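Undergrad: quick check, what structure comes out for this input:
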Amino acid sequence: LIASDRSTWNHASEITPFFDVQSSWQEIDNRLEPAANIQNFFQKRGRRAWNTHMLWSLIPKSSVAKYIYLIRDQRDAVLSFWYHLRNQRGAGGD
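TA: Model prediction:
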């Protein structure tokens with residue numbers, strides 16, 4: 001991620017929303033589209049970038065899109081996903 005505004009963000013997820021989080025999406029005419037705030041953000045940056053823990057085989061593909069898929073050490077990815085899920089828990093611990 002090359003960004004002239006690197007000093008304004010602390011974590012990549014601030015400029016690459018999570019693909020696998022429901023709040024990143026909205027339904028329009030029975031289709032899922034990125035949420036309005038994410039669309040505005042993408043338009044402002046001039047490109048789209050997503051953060052995900054999904055396997056490449058599970059990511060929806062487009063014939064007109066370009067993809068860069070980075071893979072981390074599996075142990076690091078599992079720990080990151082655990083923290084990700086822990087942060088998604090409700091106030092009741094569910």
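Undergrad: just the buried residues of the longest helix anywhere in the chain, please?
TA: Longest helix in the chain by number of residues (criterion: DSSP state H): helix 74-88. Buried residues in helix 74-88, counting neighbours by 16 or more other CB atoms under 10 Å, are found at His84. For glycine as for every other residue, the C-beta is placed from the backbone atoms N, C-alpha and C.
Undergrad: just how off-centre is it within its chain?
TA: Centre-to-centre, helix 74-88 and its host chain are 14 Å apart (CA atoms, centre = their mean, to the nearest Å).
Undergrad: other residues contacting that helix?
TA: Helix 74-88 is contacted from outside by 18, 21, 53, 71-72, using CB atoms under 8 Å, 6 or more residues apart in numbering.
Undergrad: would you turn the residues you listed into TSV with secondary structure, pLDDT and distance to Glu33?
TA: Below are the contacts of helix 74-88 laid out as TSV (DSSP: H, G, I helix; E, B strand; the rest coil; pLDDT from 0 to 100; distance: CB to CB, whole Å):
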residue	secondary structure	pLDDT	distance to Glu33
Phe18	strand	82	16
Val21	coil	83	15
His53	coil	75	21
Ile71	coil	82	27
Arg72	coil	81	28
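Undergrad: which among these end up buried?
TA: Buried subset of these (neighbour count, 16+ other CB under 10 Å): Phe18.
Undergrad: kindly format the C-alpha coordinates of the longest helix of the chain as PDB.
TA: Output in PDB follows, covering the C-alpha atoms of helix 74-88 (Å, rounded to 0.1, in the frame of the first residue of the first chain):
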ATOM      1  CA  GLN A  74      -0.200 -19.700   8.800                       C
ATOM      2  CA  ARG A  75       0.500 -19.400  12.500                       C
ATOM      3  CA  ASP A  76       0.500 -15.600  12.200                       C
ATOM      4  CA  ALA A  77      -2.700 -15.700  10.200                       C
ATOM      5  CA  VAL A  78      -4.500 -17.900  12.800                       C
ATOM      6  CA  LEU A  79      -3.500 -15.700  15.600                       C
ATOM      7  CA  SER A  80      -4.600 -12.600  13.700                       C
ATOM      8  CA  PHE A  81      -7.900 -14.200  12.900                       C
ATOM      9  CA  TRP A  82      -8.400 -15.100  16.600                       C
ATOM     10  CA  TYR A  83      -7.800 -11.400  17.600                       C
ATOM     11  CA  HIS A  84     -10.100 -10.300  14.700                       C
ATOM     12  CA  LEU A  85     -12.900 -12.600  16.000                       C
ATOM     13  CA  ARG A  86     -12.300 -11.500  19.600                       C
ATOM     14  CA  ASN A  87     -12.800  -7.900  18.600                       C
ATOM     15  CA  GLN A  88     -16.100  -8.700  16.800                       C
END
